[in-house]
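Attaching a predicted model along with its sequence, questions to come.
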Amino acid sequence: MGASDPTVMTTRAVDETGEGSSRILQTRDLRKEFGGLTATDDVDFSLEEGELRCLIGPNGAGKSTFLDLLTGRLEPTAGKIYYDGHDITDLPSYERVDRGISMKFQVPSIYEGLTVAGNLRIPLQQVVDGDEFEARTREILERFDLLAEYGTVASNLSHGQQQRLEIGMAMALEPNLMLLDEPVAGLSVEETAEIADLLREISDDDGVALIVIEHDIDFVESIADRVTVLDQGSIFREGTVEEVTNDPEVKRIYLGEDH
Ligand SMILES: Nc1ncnc2c1ncn2[C@@H]1O[C@H](COP(=O)(O)OP(=O)(O)OP(=O)(O)O)[C@@H](O)[C@H]1O
């Protein structure tokens, strides 16, 4: 996609009015500089509703910076972010959350001193009335296989359970787009498979679009609809898992020749 491509301009103009596009997210020339370093280099990215996209790339490629721009944790140096047809570039994080963008960061952001149910109540109280509260808490805990841990203090959960709780907390907000930074880092094979199943379900059954940053290429292969490869702040390749993992240039910069 180039800035001079007239079809891109037309699609985006329609998108801004919210008409006729199934894209949940688009960025336009999105740029982030840190001093003299360009971490995000004029990125044009788009994501369809309900799509599960993995973001891969070498260390320092700009993956976390890109996600932080989408969440509003970082302000872009230039460029635009469109969500559901609307320009959200200048919206603060909490308004993005209100509009349906949920985030799960690399470092678990659960409250370790609260019980599992207590953690879930924090996002739930933003969306559910008193009457439904308890039923909805139990429903989510059951779905994320945590009902037996209802009263457990979160610091006593396994790492895999903590990750599931945090994804459950993100889902409690009934998002349309969920952003996850390395959700299976440090998990066992079994725990990783559980998270893979959950993320596929969230995309397939709930119709939530997901962007998942991940280094574990086997995990990427098991979940992604499409993959975006970032390198030096730019989109290097985009395609199906097969297209991307079989690309000799991607193998060279990222996967290693013998993958
Ligand atoms: N707050 C910051 N101040 C200065 N430079 C930063 C800051 N955050 C990131 N960078 C730099 O921006 C570049 C992109 O970093 P980023 O963390 O986005 O990459 P990444 O692809 O997520 O890497 P990794 O896979 O190692 O997490 C790196 O060169 C990094 O050192």
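Yep, it's here.

which bits of the protein sit near the ligand?
Within reach of the ligand by CB under 6 Å from any ligand atom, the chain has these residues: Phe34, Leu37, Ala39, Gly57, Asn59, Gly60, Ala61, Gly62, Lys63, Ser64, Thr65. Heads up, the C-betas are built off the backbone N, CA and C, glycines and all.

Any buried residues in the helix or strand containing Glu132, and which?
Per DSSP states H and E: Glu132 is located in helix 130-143. For helix 130-143, the buried set under the neighbour-count rule, 16 or more other CB atoms under 10 Å, comprises Arg136, Thr137, Ile140, Leu141.

do stretch 61-77 as well
61-72, 74, 76.

Also stretch 224-242?
Buried, per 16+ other CB under 10 Å, within stretch 224-242: 224-231, 233-238, 241.

Quickly check those residues for the two that are furthest apart.
Asp225 and Gly233 (23.6 Å; CB to CB).

Reformat the residues of the chain next to the ligand as JSON lines; add distance to Asp98 and secondary structure.
As requested, the residues of the chain next to the ligand are exported to JSON lines (distance: CB to CB, whole Å; DSSP: H, G, I helix; E, B strand; the rest coil):
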{"residue": "Phe34", "distance to Asp98": "28", "secondary structure": "strand"}
{"residue": "Leu37", "distance to Asp98": "32", "secondary structure": "strand"}
{"residue": "Ala39", "distance to Asp98": "27", "secondary structure": "strand"}
{"residue": "Gly57", "distance to Asp98": "30", "secondary structure": "coil"}
{"residue": "Asn59", "distance to Asp98": "33", "secondary structure": "coil"}
{"residue": "Gly60", "distance to Asp98": "32", "secondary structure": "coil"}
{"residue": "Ala61", "distance to Asp98": "30", "secondary structure": "coil"}
{"residue": "Gly62", "distance to Asp98": "27", "secondary structure": "coil"}
{"residue": "Lys63", "distance to Asp98": "25", "secondary structure": "helix"}
{"residue": "Ser64", "distance to Asp98": "23", "secondary structure": "helix"}
{"residue": "Thr65", "distance to Asp98": "23", "secondary structure": "helix"}
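
Now do Leu124, the pLDDT please.
As predicted, Leu124 sits at a pLDDT of 91.

distance of Gly160 from Ile101?
Counting by CB to CB, to the nearest Å, the gap between Gly160 and Ile101 amounts to 25 Å.

out of the two, which sits in the busier spot?
Ile101 (26 against 18; other CB atoms under 10 Å).

circling back to that earlier point, could you list which of the buried residues of stretch 224-242 belong to helices?
Cross-referencing those against helices under DSSP state H gives Val241.

sorry, back to before: packing partners for the helix holding Glu132?
The contact analysis (3 or more CB pairs under 8 Å, 6 or more residues apart in numbering; DSSP states H and E) places helix 130-143 against helix 116-124, helix 159-172.

who's in contact with the longest one?
Right, the one you point to is helix 159-172. Applying CB atoms under 8 Å, 6 or more residues apart in numbering, the external contacts of helix 159-172 come out as 102-104, 108-110, 116, 119-120, 122-124, 127, 136, 140-141, 143-146, 149, 154, 157, 178, 180, 183-184, 186-188, 190-191, 194-195, 198-199, 202, 206, 208.

need the contact list for Lys117.
I think there's a mix-up here, since residue 117 is Ala and not Lys. Contacts of Ala117 (CB under 8 Å, 6+ apart): Thr137, Leu141, Tyr150, Gly151.
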